[in-house]
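Participant: Got a sequence here, can you model it:
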Amino acid sequence: MVSQRILCLAMALSLSGPSQVLLASTAWAAEAPECAASAPLDTRIEAVLAKTDRPETQRANDALRLSETRFVLDHIKPGDHVLDMGAGGGYASYLLSAAVCTGSVDSQNPPKWVEAFKMEPARQALTAARPNVHLVTSDFAKLPPPAAPYDAIFIGTVYHDTYNEDGHDAVAMDKALLAALKPGGLVILTDHRTVDGAGASATNTLHRIDKAQVLSDFKAAGFELVEDSDVLANPADDHSKNVFDPAIRGHTDRMALVFRRPL
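Facilitator: Residues are numbered from 1 along each chain as shown. Sure, this is the predicted structure:
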């Protein structure tokens, strides 16, 4: 007997419209073991990383980024609508799109980034491979309201970059994120730490930010802190170095925080 999975694949191949492809892909995801509500985190991570449609340059970073992947996906569930903020070339967007299964991901980048780093080919490849990913091109402070509220927002080592936009107002931006979330929705944030007390003084020089500054911003915007993990901490990091310095790149001392919109 022909399985439902094969029928779904045949439908995706025979129908040309993107909506039909998305329908087939979500039907497949609904049956995948890693998409079950009871699927263990290890099963979900293994399945997400096993997807062969991701660029090889991204797959080569999986081992280095595994701790962050575990931290993020532990707060994402099948069916979620997620914003990947400052998504760059889409490393996290690929992972999130598989982790949400029948859900969806908005992959956002500022227009200056898209132009300066020639991101558009990689972004188009992302949406071609993953029909449940939608591209958002906007400044951080001008994120369009989502069609439906987000279950989660991921800000992966780019919160400091928001400070480098002209006229940045951190609390105003974070209040907009609060409004874009469902009640109980989460902001999952990682970023490179400065020395304590540095505030936002090194966001454009070292690409780091003081954890106390981040905590203060989100508290002022109305969020609740629900997790402050040391899973990405590295006390041996030289906090005076730029995060792109070859001596420390990929091994910086990073905060790992989860904020929640109150119910």
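Participant: going forward, measure contacts between C-alpha atoms and count neighbours the same way
Facilitator: Noted.
Participant: in the helix or strand harbouring Val48, what counts as buried?
Facilitator: Per DSSP states H and E: Val48 is located in helix 41-50. Across helix 41-50, burial judged by 16 or more other CA atoms under 10 Å covers 41, 44-45, 47-49.
Participant: Averaged pLDDT, the next helix or strand after that helix. What do you get?
Facilitator: For helix 41-50, the following helix or strand on the C-terminal side (DSSP H and E) is helix 56-59. On average, the pLDDT along helix 56-59 is 96.
Participant: Run through the strands of this protein in chain order.
Facilitator: Per DSSP state E, the chain carries strands over the ranges 81-85, 104-109, 133-137, 150-156, 181-192, 224-229, 254-260.
Participant: Could you identify which of those is most buried?
Facilitator: strand 81-85 (a mean of 27; mean count of other CA atoms under 10 Å).
Participant: Given that strand, what are its sheet partners and their directions?
Facilitator: strand 104-109 (parallel), strand 150-156 (parallel) (DSSP bridges).
Participant: So Pro110 is in contact with Thr137, correct?
Facilitator: Yes - at 5.5 Å, Pro110 and Thr137 qualify as touching, with contact defined as CA atoms under 8 Å.
Participant: Kindly report the domain assignment for the protein.
Facilitator: 1-31, 37-260 (automatic domain parsing).
Participant: which one of those domains has the most crowded surroundings?
Facilitator: Most buried among the domains of the chain, given mean count of other CA under 10 Å as the contact rule, is domain 37-260, at a mean of 18.
Participant: Out of the strands of the chain, flag the one nearest Asp210.
Facilitator: Proximity to Asp210 (CA to CA) singles out strand 181-192 among the strands of the chain, at 8.3 Å.
Participant: What helices and strands are in contact with the closest one?
Facilitator: Other helices and strands packing on strand 181-192, by 3 or more CA pairs under 8 Å, 6 or more residues apart in numbering; DSSP states H and E, are strand 150-156, helix 159-162, strand 254-260.
Participant: hmm, try it at 10 Å
Facilitator: helix 66-73, strand 81-85, strand 150-156, helix 159-162, helix 170-180, helix 211-221, strand 224-229, strand 254-260 (3 or more CA pairs under 10 Å, 6 or more residues apart in numbering; DSSP states H and E).
Participant: relative to strand 181-192, how tilted is the third one?
Facilitator: The one in question is strand 150-156. Angle, strand 150-156 to strand 181-192, by axes from the mean of the first three to the mean of the last three CA atoms, to 10 degrees: 10 degrees.
Participant: Just want the angle from strand 150-156 to helix 170-180.
Facilitator: 140 degrees.
Participant: now strand 150-156: how far from the chain's centre is it?
Facilitator: From the chain centre to the centre of strand 150-156 is a distance of 6 Å (CA atoms, centre = their mean, to the nearest Å).
Participant: can you tell me which residues contact Ala256?
Facilitator: Residues near Ala256 by CA atoms under 10 Å, 6 or more residues apart in numbering: 68, 71-72, 156-157, 188-192, 211, 227-233.
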